[in-house]
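S.K.: 3D, please:
(one chain, ligands or ions: 1)
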Amino acid sequence: MKLKNDLFLRALKGETVDRPPVWMMRQAGRYLPEFMEIKKKYDFFTRCQTPELASEITVQPIRRYGMDAAILFSDILVIPQAMNIEVQMKPDFGPYLPNPVRTQAAVDEVVIPDVHQELNYVMQAIQVTKEKLNDEIPLIGFAGSPWTILCYCVQGQGSKNFDKAKEFCFTNPSAAHQLLQKITDTTIAYLQAKVAAGVNAVQVFDSWGGMLSPVDYQEFSFQYIQQIVAALKDEAPVIVFGKGCWFALGDMAKSGAAALGVDWTCSARNARYLSGGNITLQGNFDPSRLLSRPAEIKRMVTEMINAFGKDKYIVNLGHGILPNIPVDNARAFVDAVKEYTV
Ligand SMILES: Cc1c2[nH]c(c1CCC(=O)O)Cc1[nH]c(c(CCC(=O)O)c1C)Cc1[nH]c(c(CCC(=O)O)c1C)Cc1[nH]c(c(C)c1CCC(=O)O)C2
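M.R.: Residues are numbered from 1 along each chain as shown. Modelled structure (predicted):
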């Protein structure tokens, strides 16, 4: 079915456009009052697991601002949860995994699930969301990178440096690679199922890739992302976003990905240079810059588009939107793109 607004998919193909498409990482979230209303009534995983709620939260930012793509409300941690690892979302704390995976025996206990069964609620949420979107705009599905998922599985919670996750990789690489491969196999099946259920593109979030040195990144992160891209690229366009991973843009550009995410510490010029100048890039507004006044946000967004160029470019933030962003500032970000003319 042809979408009424296919700007995002055209940018992923590298086609010439009048203006670049825009969406925001974590756009379905806590800066929206209508999201907070739902959050008051249902806990985190209930929101993820109830297709009616997940689809409603997904379309909330679209109704308010009219972005060019929607991203399914869910979380990267539904994968470890489906792999027999307990995951809790503690209010005002974040993810908490009471039994972190830190030994070979614990890795052996991790299962590769039947994603159609264990994560069937995600596929249902996709179908309901597609109905609500009514072929207006594309829907993005996502997963965490295997390294970023391992970070939570081993550390057991968020961390400034993920020291326990790194210690596990560096002292027991054989067990670490077995865990990474189990996560990779599950993620491939999961993303393939999401595409079959109706998502138009997928994004892999390597949120903690930048914690690794370039050499360790190859061993513990990139080779697994490469497997995911290779398995998915003929089924849907794949966006790879690695926070702090500017050093890997060259390898990522050759991976078969349709587009690469960039964070705000890398200039547009550098990102184009490092990625070879031919692949679509996505990013990279500093999420905290949405705290500037709306007029200044608009000016900076226009400058950002000029720096990346309107083609082969998707306007986004350099990481997820912060909960304390005023709703009118988020609107200024989206409107600046829609008002863009060369
Ligand atoms: C690392 C990571 C996680 N989850 C995710 C990542 C990768 C992206 C990134 O780096 O930001 C991905 C994610 N999580 C969520 C989405 C929704 C879709 C979207 O709008 O982008 C997406 C794409 C919902 C969520 N996931 C979570 C919330 C907030 C809690 C809540 O709603 O109760 C939302 C809206 C909880 C969550 N989930 C996670 C953390 C660290 C937290 C708590 C801290 C935080 O909120 O940022 C793990």
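
S.K.: which outside residues touch the longest helix along the chain?
M.R.: Criterion DSSP state H: the longest helix present in the chain is helix 173-197. For helix 173-197, contacts defined as CB atoms under 8 Å, 6 or more residues apart in numbering pick out 72, 79-80, 82-83, 101, 103-104, 107, 110, 112-113, 115-116, 119, 122-123, 126-127, 141, 143-144, 146-147, 149-150, 153-154, 168-169, 202, 219-220, 224, 227-228, 231-232, 235-236. For glycine as for every other residue, the C-beta is placed from the backbone atoms N, C-alpha and C.

S.K.: likewise stretch 3-16?
M.R.: 17, 19-21, 23, 68-69, 135-138, 200-201, 237, 239, 258-259, 278-280, 311-314.

S.K.: can you pull the buried residues of the longest helix of the chain?
M.R.: Buried residues in helix 173-197, counted by 16 or more other CB atoms under 10 Å: 175-177, 179-195, 197.

S.K.: cool, and stretch 307-317?
M.R.: For stretch 307-317, by 16+ other CB under 10 Å, it's 308, 310, 312-317.

S.K.: swap in stretch 65-74?
M.R.: So for stretch 65-74, counting by 16+ other CB under 10 Å, buried means 65, 67-74.

S.K.: near the ligand too, which of those residues?
M.R.: Among the buried residues of stretch 65-74, proximity to the ligand is found for 71, 73 (CB under 6 Å from any ligand atom).

S.K.: Measure how far whichever strand or helix holds residue 331 is from the centre of its chain, please.
M.R.: In the assignment (DSSP states H and E), residue 331 maps to helix 327-338. Using CA atoms, centre = their mean, to the nearest Å, the distance from the centre of helix 327-338 to the centre of the chain it belongs to is 20 Å.

S.K.: Which strands and helices lie in contact with it?
M.R.: Other helices and strands packing on helix 327-338, by 3 or more CB pairs under 8 Å, 6 or more residues apart in numbering; DSSP states H and E, are helix 51-65, helix 294-308.

S.K.: switch the cut-off to 6 Å
M.R.: helix 294-308 (3 or more CB pairs under 6 Å, 6 or more residues apart in numbering; DSSP states H and E).

S.K.: Run through who's touching the helix it packs on.
M.R.: Helix 294-308 is contacted by residues 268, 328-329, 332-333, 336, 340 when judged by CB atoms under 6 Å, 6 or more residues apart in numbering.
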